[in-house]
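Visitor: the following comprises the amino acid sequence and a computationally predicted model.
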Amino acid sequence: MKKKSNRIISVILAAMLVVTSIVTSGLITTSAATGDTVYCETDGFEPYCYMWIDGKTNNGSWPGVKMTKVEDNIYSYTLDNDYVNIIFNNGSDSKKT
């Protein structure tokens, strides 16, 4: 009887894990809307912001747009579109965050 109840509990827990994974994966996707501002804190370099929606819509060619210094090592960029992907970089391929 104990083996059967352990097996039932295991099946229930596995099913709950699968359902949770499916529900959670739908909640993780997000995007930034036009007019939103993103921020990046660096370790001393002046960052560029490369953003895109798909293979055709982006905020400029690589490495993107140079961000505006806010204070110390904090920089900002105000979006001109509803982007879903972003790469912060130093203007070359050597440093990305």
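Guide: Received it, and whenever you're ready, just let me know what you need.
Visitor: show me the contacts for the closest residue to residue 42 other than its chain neighbours.
Guide: Taking Cβ to Cβ, 6 or more residues apart in numbering, and ignoring the residues beside it in sequence, residue 42 has residue 73 as its nearest neighbour in space, at 4.9 Å. Placement of C-beta: from N, CA and C, glycine included. When contacts are counted by Cβ atoms under 8 Å, 6 or more residues apart in numbering, residue 73 is found next to 41, 42, 43, 44.
Visitor: ranking those residues by neighbours, who comes first?
Guide: Among the contacts of residue 73, residue 42 has the most neighbours (other Cβ atoms under 10 Å), with 17 neighbours.
Visitor: can you get me a residue count around residue 91?
Guide: Other residues near residue 91 number 14, with proximity taken as other Cβ under 10 Å.
Visitor: now swap in residue 56 and tell me
Guide: The burial metric for residue 56, expressed as a neighbour count using other Cβ under 10 Å, is 6.
Visitor: next: the one 3 residues further on.
Guide: The burial count assigned to residue 59 is 18, neighbours taken as other Cβ under 10 Å.
Visitor: who touches it in this structure?
Guide: Residue 59 makes contact with 49, 50, 51, 52, 65, 79, 80, 81, 83 under the criterion Cβ under 8 Å, 6+ apart.
Visitor: what helix or strand does the third one sit in?
Guide: Per DSSP states H and E, residue 51 falls inside strand 48-52.
Visitor: now whatever helix or strand comes next after that strand: mean pLDDT?
Guide: Downstream of strand 48-52, the first helix or strand assigned by DSSP H and E is strand 65-66. The average pLDDT within strand 65-66 is 94.
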